[in-house]
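Enquirer: Model the following, please.
(one chain, ligands or ions: 1)
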Amino acid sequence: MANPHYPTSTLERPAERLLKHFKISQVGNDTIRTYLQRGFSLAICCRDCPRVIEWTPPELERRFGARLDLRIADLALRLSCSGEGGCGRRDVAVFPHLYDLPWRWAESAQHGTDLDTD
Ligand SMILES: [Zn+2]
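Expert: Predicted coordinates for the structure are as follows:
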């Protein structure tokens, strides 16, 4: 149901140099919750073909709303360049990208003063 196309996104594929040197450890301990709280999209870049996928905050919430403590690093290890136009390889780099549309996570509004302490 969700529209996979986000024509307003400013997401661009990072420089090849950055992708080449990407290590999963760069992602640190960020979780789905971190991304939702900060309004980050998850940018998924295949390292074997030019494909870039953006999982926006609403998309992340739809897919992983029940698993907010899922670490982005663990998620990234399971990703592959699948779907239409994908090459099927599992070698992907992931980056946060500040989402371009106004969006506020409903759950953070409910827990307004709940600050991130990690
Ligand atoms: Zn690919």
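Enquirer: For this protein, which residues are neighbours of the ion?
Expert: Counting by CB under 5 Å from the ion, the residues of the chain close to the ion are 46, 48-49, 51, 81, 87. The C-beta positions use only the backbone N, C-alpha and C, and glycine is treated the same way.
Enquirer: How much space separates Leu75 from Thr8?
Expert: As judged by CB to CB, to the nearest Å, Leu75 and Thr8 stand 25 Å apart.
Enquirer: low-scoring pLDDT stretches of the chain, where are they?
Expert: 1-7, 108-118 (pLDDT under 70).
Enquirer: now the strands: where do they sit in it?
Expert: 40-46, 52-55, 92-98 (DSSP state E).
Enquirer: What is the neighbour count of Thr10?
Expert: Burial of Thr10 is recorded as 9 neighbouring residues (other CB atoms under 10 Å).
Enquirer: about what we covered before: need the winner for burial among the strands of the chain.
Expert: strand 40-46 (a mean of 22; mean count of other CB atoms under 10 Å).
Enquirer: Contact partners for Arg67?
Expert: Ile32 (CB atoms under 8 Å, 6 or more residues apart in numbering).
Enquirer: Phi, psi for it please.
Expert: Backbone torsions of Arg67, given as degrees, to the nearest 10, read phi -130, psi 60.
Enquirer: Likewise for Pro50?
Expert: According to degrees, to the nearest 10, Pro50 has phi -80, psi 10.
Enquirer: right, and it touches Pro14 too?
Expert: No: at 11.8 Å, Pro50 does not count as touching Pro14 under the criterion of CB atoms under 8 Å.
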